[in-house]
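Colleague: Okay, predicted coordinates and the sequence, questions at the end:
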Amino acid sequence: MVEEAKAGGAEAAQRRLAAISGLPILEINDAAEELGKRLMDEGAIPSTRAEDALHISLATVHGMDFLLTWNFRHINNAEMKARIRTVIEAVGYECPVICSPEELGGIEP
């Protein structure tokens, strides 16, 4: 999400924006909104973290292979990834691989 990349210190924000500049912007559609709501309704993502749920659902609905995140609290940890995958697969989608840029390799924070 571009707004998230803009947040924080100016220098770090510029690096993040440069890193994502060539990536397509995924359309928020009904399927993504419905999956995001389901992730929260089923407790895979806290209901207070709608942006996190949308982040995951956009990557899923648009068939992304990877979802890169530094959000280790609500997305990229073993317990949450298992919950997220269960909900996503229950509705017939394939869950993207959730990892940090460092885990993927070749990307500096």
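Modeller: Looks like it came in fine.
Colleague: which stretches of the protein form strands?
Modeller: Per DSSP state E, the chain carries strands over the ranges 66-68, 97-99.
Colleague: Correct me if wrong: Pro101 contacts Phe66.
Modeller: No. Counting by Cβ atoms under 8 Å, Phe66 is not a contact partner of Pro101; they are 9.6 Å apart. Every residue, glycine included, has its C-beta placed from N, CA and C.
Colleague: what's around Leu104, how many residues?
Modeller: For Leu104, the count of nearby residues is 11 (other Cβ atoms under 10 Å).
Colleague: Who are the contact partners of it?
Modeller: 66, 68 (Cβ atoms under 8 Å, 6 or more residues apart in numbering).
Colleague: List the beta-bridge partners for Leu68.
Modeller: Cys99 (DSSP bridges).
Colleague: and it, what pLDDT?
Modeller: Predicted confidence (pLDDT) for Leu68: 90.
Colleague: Now do it against Glu11, distance only.
Modeller: 20 Å (Cβ to Cβ, to the nearest Å).
Colleague: can you check Arg85 too?
Modeller: Note on Arg85: its distance to Glu11, by Cβ to Cβ, is 35 Å.
Colleague: With neighbour numbers in mind, choose between those two.
Modeller: The residue with more neighbours, out of Arg85 and Glu11, is Arg85; 17 against 8, by other Cβ under 10 Å.
Colleague: wait, what's in contact with the nearest residue to the more buried one once chain neighbours are set aside?
Modeller: Leaving out its chain neighbours, the residue that sits closest to Arg85 by Cβ to Cβ, 6 or more residues apart in numbering is Cys95, at 4.4 Å. When contacts are counted by Cβ under 8 Å, 6+ apart, Cys95 is found next to 60, 84-85, 88-89.
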